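A.B. asks: the sequence and its predicted three-dimensional model are supplied below.
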Amino acid sequence: MDLKLEVVVIPVADVDRSKAFYESLGFRLDADFRTERGLRVVQVTPPGSAASIIFGDKLTTAEPGSTQGLHLVTPDIAAARAELLQRGADVSELWHDADGVFHWAGTDNRVAGPHPSADSYGTFASFADPDGNGWVIQQIVTRAPGR
């Protein structure tokens, strides 16, 4: 079986505000369609990603801002953070989890600074879109076998 995750739907309160936000971060605008019955679909894709996000009107019953833990992966988290800051995102400082396995929900168990002994999988930064949908940037320089 060959299955790929291609789209994640996120709930937003103001479609045009979200579209402007994601475009300002450098996400590629793939689609912006409206139907006569009020359905609106906006699809944007992060730079270099095969997966996209979709938001709009009448797409989900989830509350705006309720999606958390969306991960963006980069080989250079410092450079990615700097560019996102330059583009207007309110990105956290770099952090790692105290247990060194993954990260807890919210800000629990966070330790300031990059992971002291791992350049892959252990260092994070985070930001939210205007509705509070939460994004995590994760540094992966060398992928684990099979990934």
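C.D. replies: It's in.

A.B. asks: for residue 78, what is the enclosing helix or strand?
C.D. replies: helix 77-86 (DSSP states H and E).

A.B. asks: name the residues that touch the next helix or strand after that helix?
C.D. replies: Following helix 77-86 in sequence order, the next helix or strand is strand 95-97 (DSSP H and E). For strand 95-97, contacts defined as Cβ atoms under 8 Å, 6 or more residues apart in numbering pick out 103-104, 109-116, 122-126. To be clear about C-beta, it is placed using only N, CA and C from the backbone, and glycine gets the same treatment.

A.B. asks: select, from the residues you listed, the two members most distant in space.
C.D. replies: 116 and 126 (19.1 Å; Cβ to Cβ).

A.B. asks: neighbour count for those two, which is higher?
C.D. replies: More crowded of residue 116 and residue 126, by other Cβ atoms under 10 Å: residue 126, with 25 against 10.

A.B. asks: and that one, how far is that from residue 5?
C.D. replies: Distance from residue 126 to residue 5, counting by Cβ to Cβ, to the nearest Å: 20 Å.

A.B. asks: for the residue most central in space within the chain, helix, strand, or coil?
C.D. replies: In the chain, the residue lying closest to the centroid (Cα atoms, centre = their mean) is residue 135, at 3.8 Å. Assigned with DSSP: H, G, I helix; E, B strand; the rest coil, residue 135 falls in the strand class.

A.B. asks: can you report how many residues lie near the nearest residue to it once chain neighbours are set aside?
C.D. replies: Among residues not flanking residue 135 along the chain, residue 70 sits closest, at 4.9 Å (Cβ to Cβ, 6 or more residues apart in numbering). Counted by other Cβ under 10 Å, the residues lying close to residue 70 total 18.

A.B. asks: before I go, just wanted to say thanks for your time.
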